[in-house]
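>>> Sequence and computational prediction follow.
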Amino acid sequence: MELELFINSTFEILKAVPTTLSLVTLSLSIGFIMAIFIVAMSLSKLMLVRFFANSYIYYFRGTPLLIQIYLMYFGFGYWLSMQENVKQSIFWDIISEPYWYAVSALMFNTAGYTAEILRGAILSIPKGQFESSYSLGLSYYQSMVKIILPQAIRQALPAYSNEVILMVKGSSLASIITIMEITGTMNKIRSETYAVYELIFIAGSIYLLINFVITRMFNYLENKYKVVSN
Amino acid sequence: MKKIGFLTIIIIAILTIIQFNKKSSDEVLRVGVEGAYIPWGGIDPSGNVIGFEVELANIICEKINRKCKFIKQDWDGIIPALLNNKYDVIMAGITITEERKKKINFTRGYADTGVAVGSLSLEKSNSVEELLKKLEGKKLGVQTGTISAKWADKTLKNTIIRSYGTQEELNIDLLNGRIDAGMNDTSVWTALQKGNEDIKIVSPILTSKDDPLFGEGIGIGVKKGRTELLSELNRVLDEMSADGSLSDLATKWFGYDASLR
Amino acid sequence: MELLYWGNNGWGDEIFFASLVTIALAVCSYALGLVLGLYIAMGKLYSNKIVKISLDGYTTVVRGIPELLVIYLLFFGGENIITQIASVFGYDGFINLPPFLIGVLAIGFISASYSAEVFRGSIKSVHKGQMEAGLSLCLSKDKIFDKITLPQAIRIAIPSLGNIWQLTLKDTALISVTGLAEIMRISRVATNSEREPFLFFIVAACIFLFLTSVSTKIQKIIEKKYNRSMVR
């Protein structure tokens, strides 16, 4: 592959990095908030609520992300776009774009996995913490938010860093529904120039770089919030 | 521990050898098809491939005394799979272009239906310039790795281009309005019109006269180095073109004589 | 619903056979991943610096790039690599690379990098005293590893290995891009022909959910068996 083509491809793929990053950050942030709700529901005393939360986690962890993305865009999105009133509404611009379907699928997926991570972390916190917070007069909600969750989040940091990296890798599946993020752009150039190794090298290196930065960030966070545990 | 390791490797070896038996033999011609590209080649519910190229392939196989075996392959990997020896020839509505000739050889062309834009909502354009204007600000769907994708990427500057893995996925989005128009081989739109009369062809039929990117017709792709197979196929195609059977076949599937002399 | 029938009128039989392919693919890649992963872990723990660094590089790269890229690399680039390797040995004819093999290799390599990390962690966590006891009994290093360290390491590793199995099973869906007739690919093909995306993909999702539940149950049985001698 000539140098010029290599450099041009690199720039073109680099231009797709913001798309990948925005997909990842959006889905992770909303997904995390959703996960907190789901975890709370899975620990609830009401069987129905627990059942819903557990089924949610079961579905999103048990099926491949690819199927989830597909169902979201070609299943739900297709049905949505066939409704006449949707086509005329102001939401059409959003509904006709694959971007939001990808974000939704990724967001639901990470909510399921994160809920499971948080659940493991919460359950590993000694019961003594709950008891002492009740004895201080805090309600269930207050103890969760002020005492338990901060400790759980610290516990969960290593596992969550894994989840973030999995999301970065999952974003590559958005290329299947025509979103031009890193993998999609790489595929486009590959199908035109048939140069396989160079392009995979470029795309792979970019992903590795992103994941490297993420790992470093989490290392920093883990060290900063390190606590001598019993 | 090492025993378990060897055992697993043996199991994997056995399972792959069972797959290995599909290697090239002199009695079978393995034909790579996309299976999602009507009327060239599509799949019916029983899983069989049907289409213009399928019938053409069967006729060719008869003439060269081989049995045809059809192997489905996604468009994106159709050339790499040939290079990996997954099949012997490609018959998947693949246009002969200079770029592709660098990787594989082609027989002479057997049909050409040109490229066109299909749409539900766009107005008809009678020239390429009009087309470019009408497409500004619109969403155009193309299939990755096709000549339309390359042309669109090169020529359309103010259009949102969405690249789909398969034509059917493009059709799904075209029909529900998530893209305004699609660009691919003309036959694709004529086939789509059969089930959906609202689809119109809104551009002139584009060929290599409009842009060399549009290639020199559809041909059979053959791996470089297989010169015997290539000349056999060329001979049969020349025969069929001379005695009119190629034109008849094309008319049967396309409604007009789309074959190449 | 008639689309799901067996035989010529429906896709039911294709979906069934595709599920078998998925299972076979997952089993083979997982097995390959386990064997390779174990050797990689041993290499990382017991070999010299050069081997350790290159193996570290391997696992970091394979775990850090999307699985799609690994699959594309092996699928689009496979022929070149194999032909070049073969020509070094003087062979110039055709070498067949069946898609199943590419799938097994791709997912196997990915699975191996995860398994390697799990094995490494679990081997390290076997109490050092065990090794010392073995040495004091005059057992050779190999024997110690085989008979003492490894069995205990495996028990510790089982839950994580179970996770990796689930991961491997789900990664098989990605092989659909190479055209192998597994569940995801059949669902896409059927959807494209019949234009009924909800139906086929929900069926595919259900099949995966079913496989996942069965795997979880099997994993619990294996865990129980290995933990038999542990006092709780």
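On my side now, so go ahead. Numbers count the residues shown, from 1 in each chain, chains lettered A, B, ... in the order given.

>>> What's the local residue count around residue A:182?
Residues near residue A:182, counting by other CB atoms under 10 Å in any protein chain shown, number 28. For the C-beta atoms, the positions are set from N, CA and C on the backbone; glycine is no exception.

>>> which residues does residue C:52 contact?
Counting by CB atoms under 8 Å, 6 or more residues apart in numbering or on different chains, residue C:52 touches C:43, C:44.

>>> what's the pLDDT at it?
pLDDT, residue C:52: 88.

>>> Next: residue C:9.
The model's pLDDT for residue C:9 equals 60.

>>> Okay, helices next: where are they in the chain?
With no chain named, the answer covers chain A. Counting by DSSP state H, one finds helices in chain A at the ranges A:3-14, A:17-42, A:47-62, A:65-70, A:77-82, A:84-88, A:92-95, A:98-123, A:127-135, A:140-143, A:149-170, A:182-193, A:196-224.

>>> that's the wrong chain, I wanted chain B
Secondary structure of chain B (DSSP H): helices located at B:2-20, B:52-63, B:78-83, B:98-101, B:128-134, B:147-155, B:167-175, B:186-195, B:227-242, B:245-254.

>>> picking that back up, considering the helices of chain A, which stretch scores lowest in mean pLDDT?
With a mean of 70, helix A:84-88 has the lowest mean pLDDT of the helices of chain A.

>>> So which bits of chain B are right by chain A?
Residues of chain B that fall close to chain A, judged by CB under 8 Å from any CB of the partner chain: B:76, B:79-80, B:99, B:102-103, B:139, B:144-145, B:149-150, B:153, B:162-165, B:169, B:172, B:176-179.

>>> okay if I get the helices of chain A as a markdown table plus distance to residue C:205?
Output for those, formatted as a markdown table (distance: least, CB to CB, whole Å):
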| stretch | distance to residue C:205 |
| --- | --- |
| helix A:3-14 | 32 |
| helix A:17-42 | 19 |
| helix A:47-62 | 8 |
| helix A:65-70 | 5 |
| helix A:77-82 | 16 |
| helix A:84-88 | 24 |
| helix A:92-95 | 23 |
| helix A:98-123 | 12 |
| helix A:127-135 | 37 |
| helix A:140-143 | 34 |
| helix A:149-170 | 16 |
| helix A:182-193 | 23 |
| helix A:196-224 | 27 |
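
>>> So for residue B:84, which of these sits nearest?
Within the helices of chain A, the stretch nearest residue B:84 is helix A:196-224; the backing value is 11.9 Å (CB to CB).

>>> Please identify the residues of chain A in proximity to chain C?
A:58-59, A:61-68, A:70-71, A:74-75, A:78-79, A:165, A:168-173, A:175, A:183, A:187, A:190, A:196-197, A:200, A:203-204, A:207-208, A:211-212.

>>> Of the residues you listed, which ones also sit close to chain B?
Within the residues of chain A next to chain C, those near chain B by CB under 8 Å from any CB are A:74, A:78, A:187, A:196.

>>> pLDDT wise, what is residue C:89 at?
Listed pLDDT for residue C:89 reads 64.

>>> Also residue C:196?
pLDDT for residue C:196: 74.

>>> Backbone dihedrals for it, please?
Dihedral angles of residue C:196 (phi, psi; degrees, to the nearest 10) stand at phi -130, psi 70.

>>> residue ranges for the helices of chain C, please.
Assigned by DSSP H, the helices in chain C fall at C:12-46, C:49-64, C:67-88, C:99-124, C:128-136, C:141-144, C:150-171, C:183-194, C:197-226.

>>> about what we covered before: please name whichever of the helices of chain B is nearest to residue B:210.
The closest of these to residue B:210 is helix B:128-134. By CB to CB, the value is 5.8 Å.

>>> which outside residues touch the closest one?
Identification of contacts with helix B:128-134 by CB under 8 Å, 6+ apart yields B:117, B:122, B:123, B:125, B:155, B:156, B:202, B:203, B:204, B:206, B:210.

>>> Give the full set of residues in contact with residue C:223.
C:158, C:159, C:162.

>>> and of the residues you listed, the nearest to residue C:198?
Nearest to residue C:198 among these: residue C:162, at 31.1 Å, using CB to CB.

>>> which residue packs closest to that closest one, ignoring adjacent ones?
Take residue C:162 and drop its neighbours on the chain: the residue closest to it by CB to CB, 6 or more residues apart in numbering or on different chains is residue C:219, 3.9 Å away.

>>> again with residue A:12
Closest residue in space to residue A:12, ignoring its immediate chain neighbours: residue A:185 at 6.0 Å, by CB to CB, 6+ apart.

>>> try residue B:51
Nearest residue to residue B:51 in three dimensions, chain neighbours excluded: residue B:41, at 3.9 Å (CB to CB, 6+ apart).

>>> Bridged to the one you found, which residues?
residue B:37 (DSSP bridges).

>>> can you list the weak-confidence ranges in chain C?
C:1-10, C:79, C:82-97, C:229-232 (pLDDT under 70).

>>> Would you mind listing what in it touches chain A?
When proximity is defined by CB under 8 Å from any CB, chain C lies next to chain A at C:60-61, C:63-69, C:72-73, C:76-77, C:80, C:166, C:170-174, C:176, C:184, C:187-188, C:191, C:197-198, C:201-202, C:204-205, C:208-209, C:212-213.

>>> restrict those to those near chain B?
Subset of the residues of chain C next to chain A in contact with chain B: C:76, C:80, C:188, C:191, C:197, counting by CB under 8 Å from any CB.

>>> Can you select the buried ones among the residues you listed for me in ChimeraX?
With 16 or more other CB atoms under 10 Å in any protein chain shown as the burial test, the buried ones among those are selected in ChimeraX as follows:
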select /C:76,188,191,197
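
>>> Kindly reformat the ones next to chain B among the residues of chain C next to chain A as JSON lines containing distance to residue B:65.
JSON lines is the format used below for those (distance: CB to CB, whole Å):
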{"residue": "C:76", "distance to residue B:65": "34"}
{"residue": "C:80", "distance to residue B:65": "33"}
{"residue": "C:188", "distance to residue B:65": "35"}
{"residue": "C:191", "distance to residue B:65": "38"}
{"residue": "C:197", "distance to residue B:65": "42"}
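
>>> ok, so of the ones next to chain B among the residues of chain C next to chain A, who is nearest chain B?
Chain B has its nearest neighbour among those in residue C:76, at 4.6 Å by CB to the nearest CB.

>>> how much space between that closest one and residue C:68?
11 Å (CB to CB, to the nearest Å).

>>> and residue C:158, what does it touch?
For residue C:158, the contacting residues are C:219, C:222, C:223, C:226, by CB under 8 Å, 6+ apart.
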